[in-house]
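[1] Predicted structure and sequence below. I'll ask about it afterward.
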Amino acid sequence: MNALGAAANKPHEELILVDAADRELGFLSKERCHRGSGRLHRAFSVFLFNSRGELLLQQRSAAKPLWPLHWANSCCSHPRRGESVESAVQRRLAEELALSAEVRFLYKFEYQASYGQVGSEHELCWVFAGFTDEEPRVDANEVAAWRHIAPAALSAEIADNPDIFTPWLKLEWAEIRAHHLPALAGLRPGGG
């Protein structure tokens, strides 16, 4: 079995196939969704900020078949068959980071990115943001490292060294910086 198949061969890993309007079309295994140029499926990304306005980043585990050891947003994954996106967000925050947080939906978008000959992401991604001052307790199978970073510092790092970041983080961060960050700062506990 290839690396993509080994990592994806878990129970309940049927992903939700969608069209460009996010209408459900059926279900397909995680492995098959990420083969070749990828099949469009529903996904989500979460950006968690602390009360100082810093973003929690995670470095993906070396065991990840796609973009191993690349820096990504706080949490990203897929809802399972029969699971709402909102429920999947809370499940993955608990599984990957041992965190819970109220999150707010920001926007959704479609993207496609290939990782060499290994596979691709082709996702209709729901993007959320929230706040927590809890320290993550990461699942080492999912996360190699984590850190908090100020928004301006993240933008500078992406500009200086884009290859260490996942493609979805770069796309989402550009949108968040341009259209959502000021409003999020006003929602921060104790912020304004």
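    That came through fine.
[2] nearest residue to the most centrally placed residue in the chain other than its sequence neighbours?
    The chain has residue 76 as the residue nearest its centroid, 2.3 Å off, counting by C-alpha atoms, centre = their mean. Spatially, and ignoring its direct neighbours in sequence, residue 76 is nearest to residue 45 (4.4 Å; C-beta to C-beta, 6 or more residues apart in numbering). All C-beta spots, glycine's among them, are computed from the backbone N, C-alpha and C.
[3] Not including adjacent chain positions, what is the nearest residue to residue 27?
    Closest residue to residue 27 apart from its sequence neighbours, by C-beta to C-beta, 6+ apart: residue 14 at 4.4 Å.
[4] List the contacts of the one you found.
    By C-beta atoms under 8 Å, 6 or more residues apart in numbering, the residues touching residue 14 are 27, 28, 29, 30, 80, 81.
[5] quick one: which of those is nearest to residue 39?
    Using C-beta to C-beta, residue 28 comes nearest to residue 39 of these, at 5.9 Å.
[6] In contact with that closest one, which residues?
    14, 15, 17, 39, 41.
[7] re earlier: sort the contacts of residue 14 by pLDDT and name the bottom one.
    Among those, residue 81 has the lowest pLDDT, at 88.
[8] Which element, helix or strand, includes the closest residue to residue 43 other than its chain neighbours?
    Residue nearest to residue 43 in three dimensions, not counting chain neighbours: residue 123, with 4.0 Å by C-beta to C-beta, 6+ apart. Applying DSSP states H and E as the criterion places residue 123 in strand 119-131.
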